[in-house]
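*Asks:* Just to be clear, the model below is a prediction. Sequence and coordinates:
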Amino acid sequence: MIKILVLAFALLLPLGLNAFGIKVDKYDVPANQIEDAKSLSAVTGIMSKSVMKCMDTGKDNKKCVCENLDKLENIEKLYNSLLTKHPEWKGKMLYYETSTPEFPIYSHNTYLPGLEMQFAMKNNCK
């Protein structure tokens, strides 16, 4: 149940921010940047799975993020290097599509302001 709520929150957060007057710009990732966007999505997915697995043991989100601080710091390093390479990504929700034989069109969204909020949380771990 918590996993469903977290997923729903992640999907609805941009809509909620728009409702409060916080503009969330979508960035259609061009083909030559998709591999970089996929690399960021992959490492955030690993972190999310680790945190959710931790939360399944009954621990709260903050404790689980702190237990995965090394992963979060690695994501932040990659994020910063990608922003240096693609400064137009800053503050955006990245959107791109991929395809496989199973899923002819598979849409991906990576909400970068949400990542920045998670990076700020690491200060609460010390």
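*Replies:* Thanks, I have the structure now. Residues are numbered from 1 along each chain as shown.

*Asks:* switch to C-alpha atoms for all contacts and neighbour counts from now on
*Replies:* Noted.

*Asks:* can you pull the contacts of Val51?
*Replies:* If a contact means C-alpha atoms under 8 Å, 6 or more residues apart in numbering, then Val51 has 61, 64-65, 68 as its contacts.

*Asks:* How much space separates it from Thr98?
*Replies:* The span separating Val51 from Thr98 equals 26 Å under the rule C-alpha to C-alpha, to the nearest Å.

*Asks:* ditto for Ser107
*Replies:* Spatial separation of Ser107 from Thr98 under the definition C-alpha to C-alpha is 7 Å.

*Asks:* So what's the residue count around Gly45?
*Replies:* 12 (other C-alpha atoms under 10 Å).

*Asks:* mind listing the strands for the protein?
*Replies:* Chain-ordered strands for the chain, with DSSP state E as the definition, fall at 25-28, 92-98, 106-111.

*Asks:* Starting from the shortest one, tell me which strands it pairs with and how they run.
*Replies:* Right, strand 25-28. When pairs are called by DSSP bridges, strand 25-28 turns out to pair with strand 92-98 (parallel).

*Asks:* Out of the contacts of Val51, give me the one that has the most neighbours.
*Replies:* When neighbours are counted by other C-alpha under 10 Å, Val65 leads the contacts of Val51 with 24 neighbours.

*Asks:* excluding its backbone neighbours, what's nearest that one?
*Replies:* For Val65, the nearest residue in space outside its immediate sequence neighbours is Val51; the separation is 6.1 Å by C-alpha to C-alpha, 6 or more residues apart in numbering.

*Asks:* Distance check, the one you found against Glu67.
*Replies:* Relative to Glu67, Val51 is positioned 8 Å away (criterion: C-alpha to C-alpha).

*Asks:* Report pLDDT for Phe9.
*Replies:* The predicted local distance difference test score for Phe9 is 43.
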